[in-house]
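Student: give me the fold of what follows.
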Amino acid sequence: MPRPSRVRPSGRAGFRDRHGRGLRSSAAGPNLPFLQTRIDLFDDIVAQTATYLRELWPDDLDDVTFEVAGLPAAAPEGTSGPRRGDASGGPSSLERYRVDAVRRSVTLYRLPIERLTRVPESRQAENAAWQHRMVVEGYVFRAVGELLGKDPWDLAPDRYRD
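Tutor: All right, here's what the predicted structure looks like:
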């Protein structure tokens, strides 16, 4: 039996404009700031750490680009590509970052870093935000250290001292 002409097969087009009231507003409303998502937080930590390292090593990191991706693309077996940072002793061998010395780029993969990296404390702890920041910064330091051929602890020796 054919459908009547007034029924749309996908109701998504007019879903937000029911009864002539116009489009719905954002969940935060006009007077509240937008919520910061985990993606935004990860991007901010990577950008701040990259800026910090660029201030310490301006000649070496001037032309380096930092990128953030969700997951690494699957590479065909047996191909030799850029160097990769993978999990050392982690639950999976999924790479956490990729360093391309030819393009002078560092790509950090958000989901493997956040989901597969073991943190000794719970996310419910009072210092969970600090622990998350240290994990992300640690991978940025490792990737830059691999790119420059230096030990990550030598990049900013006074960073974590009290």
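Student: mind saving the C-alpha coords of stretch 50-63 as CSV?
Tutor: C-alpha atoms of stretch 50-63 as CSV (Å, rounded to 0.1, in the frame of the first residue of the first chain):
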residue,chain,number,x,y,z
ALA,A,50,52.6,22.5,22.7
THR,A,51,52.7,26.2,23.4
TYR,A,52,54.8,25.6,26.6
LEU,A,53,57.2,23.4,24.7
ARG,A,54,57.5,25.8,21.8
GLU,A,55,58.5,28.5,24.3
LEU,A,56,61.2,26.3,25.6
TRP,A,57,62.5,25.0,22.3
PRO,A,58,61.6,27.8,19.7
ASP,A,59,64.2,26.8,17.1
ASP,A,60,63.4,23.1,17.2
LEU,A,61,59.6,23.3,17.3
ASP,A,62,58.9,26.4,15.2
ASP,A,63,57.6,24.5,12.2
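Student: contacts made by that stretch with the rest, please.
Tutor: 64, 66, 104, 140-141, 144, 148, 155-156, 159 (Cβ atoms under 8 Å, 6 or more residues apart in numbering). Glycine gets a C-beta too; all of them are placed from N, C-alpha and C.
Student: residues of that stretch that come out buried?
Tutor: 50, 52-53, 57, 60-61 (16 or more other Cβ atoms under 10 Å).
Student: and the average pLDDT for that stretch is what?
Tutor: What stretch 50-63 shows for mean pLDDT is 91.
Student: output the buried residues of stretch 50-63 as JSON lines; include the columns distance to residue 74 and secondary structure.
Tutor: Output for these, formatted as JSON lines (distance: Cβ to Cβ, whole Å; DSSP: H, G, I helix; E, B strand; the rest coil):
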{"residue": "50", "distance to residue 74": "26", "secondary structure": "helix"}
{"residue": "52", "distance to residue 74": "32", "secondary structure": "helix"}
{"residue": "53", "distance to residue 74": "29", "secondary structure": "helix"}
{"residue": "57", "distance to residue 74": "32", "secondary structure": "coil"}
{"residue": "60", "distance to residue 74": "31", "secondary structure": "helix"}
{"residue": "61", "distance to residue 74": "29", "secondary structure": "helix"}
